[in-house]
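Visitor: I'd like to go over a predicted model; first the sequence, then the structure.
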Amino acid sequence: MQKIKEKIIHGFFFLNGFLVVIILIGIFALLLFTALPAFKEINILEFLMSSRWNPTSFTKEEYGIVSMLVSTFMVTLGSLFIAVPLGIGTAAYLSDIASPRVREIVKPIVEILAGIPSVVIGFLGIVIVGPIIAKIFHTSNGLNAINGSVLLAIMALPTIISISEDALNSVPNSFTHASMALGATKWQTLVKVKIPAALSGIIAATMLGMGRAIGETMTVLMATGCAPAMPEGFLSAVRTMTSTIAIELGEVPYYTTHYYALFGIGLVLFVITFIVNLIADIVLHKHQKLSR
Amino acid sequence: MNRCLKIAGVLLMALMFIGNAYAEDMIQIKGSDTLINLVQRLSEVYMNEHSNDYIAVTGGGSGTGVAALINKKCDIANASRGMKAKEVDQATSAGVDAKRVVIAMDGLSVITNGNNPVDKLTIQQIGSIFSGAITNWSEVGGPNKEITLYGRQSNSGTFVFFRDVVVKADYSAKMNRMNGNAQIVEAVKQDISGIGYVGVGYVKDARGVNVLKVASMEGAVYASPLNANDVKSGKYPIARPLNQYLNGAPKGAVKDFIAFELSDQGQKIVEEEGFFPIPKEYIDYNAQSVGL
């Protein structure tokens, strides 16, 4: 009787794990099979190389995703540029320098930051961050890639802080004690011993924050201006892949070339996010192996 | 454990029945952002007088509304443009008999920042500005500043109408695609070199923006969309009918609601919202199209 009960529970948990894998494969298959018919009408090289996306054009329909790829990477890298130093610094503060009292207050606040809806952050971008950026850089409006980068940095910060702090905390105490015993100051220990030891965890945190930033839709749709031209710099309006799908999927009639092409963009996005998460996972595993 | 399951099961079944009863007399309206505030107001007044009927109004742009009608996901599609030939074909092959009702007139307004001295332009100048041929305010008698364009997204009926009637070419790739009329008004308010196009209902109370007077050609009279007579007589060159599309002749609650919209009480609400009541030619058209 006990054995049967054990087997049932074992099977139940196995099914749960299996279900997750099935869902992931299912999503990938759906994207792949819905995107394939697009390439009967669109040259795949034009799709991947042309910078003009205009499927509802007055004159000629064009399906090129390069401007969108560049826009996505611009806002993502911009956001990492802001969030990584800020995040690692906060993680170092929380794990090394803050008193337990301060840690107990700041950590929940960081978690709450992760819970703010992306629409609200997008709205703050239009109403607060935009005018500030316009004033600092003397442009006429604040709907550009810098605005998107700042907002995405706010959204990626909690991920980076949490995981980096865990990585720093799991550096063995023996390292810290050995370093201090050799006469190093707290700062030297932090920068030259602890952070290098936790480096793989910190890299994994960065990649996961990057994955969050790549997939963000509502925030960039509201605050970056959505102009489809190839961006000339960080002060021009950008349109990411996610915004394009969000704007156009509602109005496109089902099963047309435009519809399939949007799923093609989704497929590209899925592959990029998958690769980023895969690298993060490999690096994190290496980190866990080393610290055992 | 057993008791909890039983209670949960009963509650679930009760919820299913309540859900069914609620959906009985519901009218689902989707589509144009230009029309959404007007139709929401009309439906609120209607629901006050007919407490059995329930009307749900959502946005998404004219393109989204027409697509929903073709996919049989709504009863009425709000559209600030006519259906395209492609959409009519898709409706026919999906078995949808699209009938059109005109419920209001709109003087599509071109707005600039309150501090911009330019207050009138010809329709050709506006077209050149939005296609990117004219890039500096000094070319049309304004200050030496680069023009910032604000328009809608491709799912918008206003986007399509303005492009076909005024721009007559593709929009400049640098035009910022905003989410809705209200966002365009806010953006132009904050940007001294901004120009945008919105439905007249969104400018009746707007402070901080100028509504441009438009002439149909060089030397013709400049007319303003805020002047009801100019819009009705056709002197204002960018006037357009605001439509609703249905599947087949209206019946039941849908018929009553549309009759209300076209009645004196409904047309008075249209005027209060800043739009214009339908002229005789469209009253006759409605009678012939849906018998109301």
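Guide: Sure thing, it's come through. Numbering: from 1, shown residues only, chains lettered A, B, ... in the order given.
Visitor: A:Tyr260 versus the residue in the stretch 1-150 of chain B that chain A sits nearest to, what's the distance?
Guide: Nearest residue of the stretch 1-150 of chain B to chain A: B:Gly63, at 3.1 Å (CB to the nearest CB). Just so you know, the C-beta spots here come from the backbone N, C-alpha and C atoms, and that holds for glycine as well. Shown here: B:Gly63 relative to A:Tyr260, a distance of 17 Å by CB to CB, to the nearest Å.
Visitor: same check, this time on A:Ala91
Guide: 43 Å.
Visitor: now B:Ile269
Guide: B:Ile269 is 42 Å from A:Tyr260, by CB to CB.
Visitor: then A:Leu15?
Guide: With CB to CB as the criterion, A:Leu15 and A:Tyr260 are 34 Å apart.
Visitor: flag the shaky bits of the chain, pLDDT-wise.
Guide: Using chain A here. A:287-288, A:290-292 (pLDDT under 70).
Visitor: actually, chain B is the one I wanted.
Guide: Using pLDDT under 70, the flagged stretches of chain B are B:1, B:16-25.
Visitor: how about the residue nearest the centre of it, secondary structure?
Guide: With distances taken as CA atoms, centre = their mean, B:Thr34 lies nearest the centre of chain B, 2.6 Å away. Recorded secondary structure, B:Thr34: helix (DSSP: H, G, I helix; E, B strand; the rest coil).
Visitor: hang on, it packs against B:Thr158?
Guide: Yes. Here B:Thr34 lies in contact with B:Thr158, judged by CB atoms under 8 Å, at a distance of 5.5 Å.
Visitor: between those two, what contacts are shared?
Guide: Common neighbours of B:Thr34 and B:Thr158 are listed as B:Ser62, B:Ser80, B:Asn181, B:Val198, B:Gly199 (criterion: CB atoms under 8 Å, 6 or more residues apart in numbering or on different chains).
Visitor: count of neighbours near the fourth one?
Guide: Spelled out, it's B:Val198. 30 (other CB atoms under 10 Å in any protein chain shown).
Visitor: hmm, A:Leu190 and A:Ala184 touching each other?
Guide: No. Counting by CB under 8 Å, A:Ala184 does not reach A:Leu190; the two are 9.4 Å apart.
Visitor: the two: which is more packed in?
Guide: Between A:Ala184 and A:Leu190, counting by other CB under 10 Å, A:Leu190 is the more crowded of the two (19 against 16).
Visitor: for chain B, see how far away that one is.
Guide: 44 Å (CB to the nearest CB, to the nearest Å).
Visitor: re the thing from before, assign a three-state SS to the residue of the stretch 1-150 of chain B closest to chain A, would you?
Guide: helix.
Visitor: dump the residue contacts of it.
Guide: B:Gly63 sits next to A:Gly250, A:Glu251, A:Val252, B:Ser154, B:Asn155, B:Ser156, B:Gly157, B:Val160 when contact means CB under 8 Å, 6+ apart.
Visitor: could I get these as JSON lines with distance to A:Glu41 and secondary structure?
Guide: Output for the contacts of B:Gly63, formatted as JSON lines (distance: CB to CB, whole Å; DSSP: H, G, I helix; E, B strand; the rest coil):
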{"residue": "A:Gly250", "distance to A:Glu41": "22", "secondary structure": "coil"}
{"residue": "A:Glu251", "distance to A:Glu41": "19", "secondary structure": "coil"}
{"residue": "A:Val252", "distance to A:Glu41": "14", "secondary structure": "coil"}
{"residue": "B:Ser154", "distance to A:Glu41": "19", "secondary structure": "coil"}
{"residue": "B:Asn155", "distance to A:Glu41": "21", "secondary structure": "coil"}
{"residue": "B:Ser156", "distance to A:Glu41": "25", "secondary structure": "coil"}
{"residue": "B:Gly157", "distance to A:Glu41": "26", "secondary structure": "helix"}
{"residue": "B:Val160", "distance to A:Glu41": "22", "secondary structure": "helix"}
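Visitor: residue nearest the centroid of chain A?
Guide: Geometric middle of chain A (CA atoms, centre = their mean) lands on A:Arg212, at 2.3 Å.
Visitor: isn't that residue up against A:Pro158?
Guide: No. Counting by CB under 8 Å, A:Pro158 is not a contact partner of A:Arg212; they are 9.1 Å apart.
Visitor: residues from chain B in reach of chain A?
Guide: For chain B, the residues in contact with chain A (CB under 8 Å from any CB of the partner chain) are B:60-61, B:63-64, B:66-67, B:70-71, B:86-87, B:90, B:145-146, B:148, B:153-155, B:160, B:163-164, B:167-170, B:172-179, B:183, B:186-187, B:190-194.
Visitor: what's the ChimeraX syntax to select whichever of those are buried?
Guide: Restricted to buried positions by 16 or more other CB atoms under 10 Å in any protein chain shown, the ChimeraX selection for the residues of chain B next to chain A reads:
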select /B:60,61,63,64,66,67,70,87,90,148,153,154,155,160,163,167,170,172,173,174,175,176,177,178,179,183,186,187,190,191,192,193,194
